[in-house]
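J.: here are the coordinates; sequence isn't available:
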């Protein structure tokens, strides 16, 4: 098996462990000739090369990811990664601390909106019993 295939396999395992099988199936189900290379890229690079590293914990990666996505205004991804905290061990308190950092280092408007997204996401998680 080539390094790329090993990285893809490890990445898919990590992606499923963090985001859950249902999310990964929904994200990859429409894979076709046009977007297959993109799906392979994010599985290998984000999940196989970065998220699979053992230097820092999944909890810490989760907090970093949420803060970076909030700072960049990628709010759909913030919600997805808030949902993933049920698998990474990052607590609501951890997310709050990450978003407080966003307020100081990336701006209050970005953090304000991310807090709204996280609050709504946690409410949805409680409602569907996935918190």
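T.: Now that the structure is in, tell me what you want to look at. This is a predicted model, so every value here is computed, not measured.

J.: who's in contact with the most centrally placed residue in the chain?
T.: Centroid-nearest residue in the chain, with CA atoms, centre = their mean: residue 81, separated by 3.5 Å. When contacts are counted by CB atoms under 8 Å, 6 or more residues apart in numbering, residue 81 touches 62, 65, 66, 69. Glycine gets a C-beta too; all of them are placed from N, C-alpha and C.

J.: Next, report how far the helix or strand encompassing it is displaced from the centre of its chain.
T.: Taking DSSP states H and E as the definition, one finds residue 81 inside helix 75-88. Chain-centre distance of helix 75-88: 5 Å, with CA atoms, centre = their mean, to the nearest Å.

J.: What of stretch 98-109?
T.: The answer for stretch 98-109 is 18 Å, by CA atoms, centre = their mean.

J.: Report the separation between the nearest residue to residue 39 once chain neighbours are set aside and residue 128.
T.: Closest residue to residue 39 in three dimensions, ignoring its sequence neighbours and counting by CB to CB, 6 or more residues apart in numbering: residue 31, at 5.0 Å. Distance check for residue 31 against residue 128: by CB to CB, to the nearest Å, it reads 26 Å.

J.: So for those two, which sits in the more crowded spot?
T.: Neighbours per residue, other CB atoms under 10 Å: of residue 31 and residue 128, the larger number sits with residue 31, 13 against 9.

J.: which residues are in contact with the helix ranked longest in the chain?
T.: Taking DSSP state H as the criterion, the chain has its longest helix at helix 108-127. Contacts to helix 108-127, defined as CB under 8 Å, 6+ apart, come from residues 66, 69-71, 73, 75, 78-79, 82-83, 86, 92, 95, 99-100, 102-103, 131.

J.: give me that answer again for 6 Å
T.: 70, 71, 75, 78, 79, 82, 95, 99, 102, 103, 131 (CB atoms under 6 Å, 6 or more residues apart in numbering).

J.: if we can go back for a sec, now the contacts of residue 81 in CSV, with pLDDT and distance to residue 54?
T.: Shown next, in CSV, are these (pLDDT from 0 to 100; distance: CB to CB, whole Å):
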residue, pLDDT, distance to residue 54
62, 98, 15
65, 98, 16
66, 98, 20
69, 98, 22
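
J.: That'll do, ta.
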